[in-house]
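Enquirer: 3D model of this:
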Amino acid sequence: MTNSDAAAVWREMRALMLEKHDTRRAVAEATGMSFLRAKLLTKLLTSDRTVTELAEILASDAPYVSLNVRELEKRELVIRTEDPDDRRRRIIGLTDAGRRLAETARSIADAPPPEFTTTSAEDLAHLRRILRLP
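Expert: Here you go, the predicted structure:
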């Protein structure tokens, strides 16, 4: 495969993800918040985190993440608690309402495009191998 072939495949993959099957708008509409805030909630599904950790995961800066956490806190979707090991740090976790909204966002974002539901198991396994996914 040449570089131009690889570029064409990458272009088609990006178009599938970002144009044909862009779930960001659906997530924002279902959750009533920006996609970034919904994504922030989903990053708390696996464990509570600090603002610094969230900023790193979201490839954003801590002040911007902190601003969004404050807004989510006002909506009672997240709660900040004192880190028992370091009173200067705050741990951000989901409330029950935040967890429900995060799970909604995750289910919408994780739904595969129709092109994937008709792809053979062999082709999906090959794609997984190419992407080096577990």
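
Enquirer: what residues sit buried inside the longest helix along the chain?
Expert: The residue-count maximum for a helix in the chain (DSSP state H) belongs to helix 96-110. Buried residues in helix 96-110, counted by 16 or more other C-beta atoms under 10 Å: 98, 99, 101, 102, 104, 105, 106, 108. Where you see a C-beta, it was placed from the backbone N, CA and C, and this is true even at glycine.

Enquirer: can you redo those as a markdown table with distance to residue 34 and pLDDT?
Expert: Output for the buried residues of helix 96-110, formatted as a markdown table (distance: C-beta to C-beta, whole Å; pLDDT from 0 to 100):
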| residue | distance to residue 34 | pLDDT |
| --- | --- | --- |
| 98 | 15 | 98 |
| 99 | 19 | 98 |
| 101 | 13 | 97 |
| 102 | 14 | 98 |
| 104 | 15 | 97 |
| 105 | 11 | 97 |
| 106 | 16 | 96 |
| 108 | 14 | 95 |
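
Enquirer: just to revisit the earlier point, state the next helix or strand along the chain beyond the longest helix of the chain.
Expert: helix 114-117 (DSSP states H and E).

Enquirer: which helix or strand lies directly C-terminal to that following helix?
Expert: Counting by DSSP H and E, what follows helix 114-117 is helix 121-131.

Enquirer: element containing the residue with the shortest distance to the centre of the chain, please.
Expert: Nearest to the mean C-alpha position of the chain, by C-alpha atoms, centre = their mean, lies residue 39 at 4.0 Å. Per DSSP H and E, residue 39 falls inside helix 35-42.

Enquirer: so how far is residue 116 from residue 18?
Expert: Noted for residue 18: a distance of 15 Å to residue 116, by C-beta to C-beta, to the nearest Å.

Enquirer: likewise for residue 65?
Expert: Residue 65 is 31 Å from residue 116, by C-beta to C-beta.
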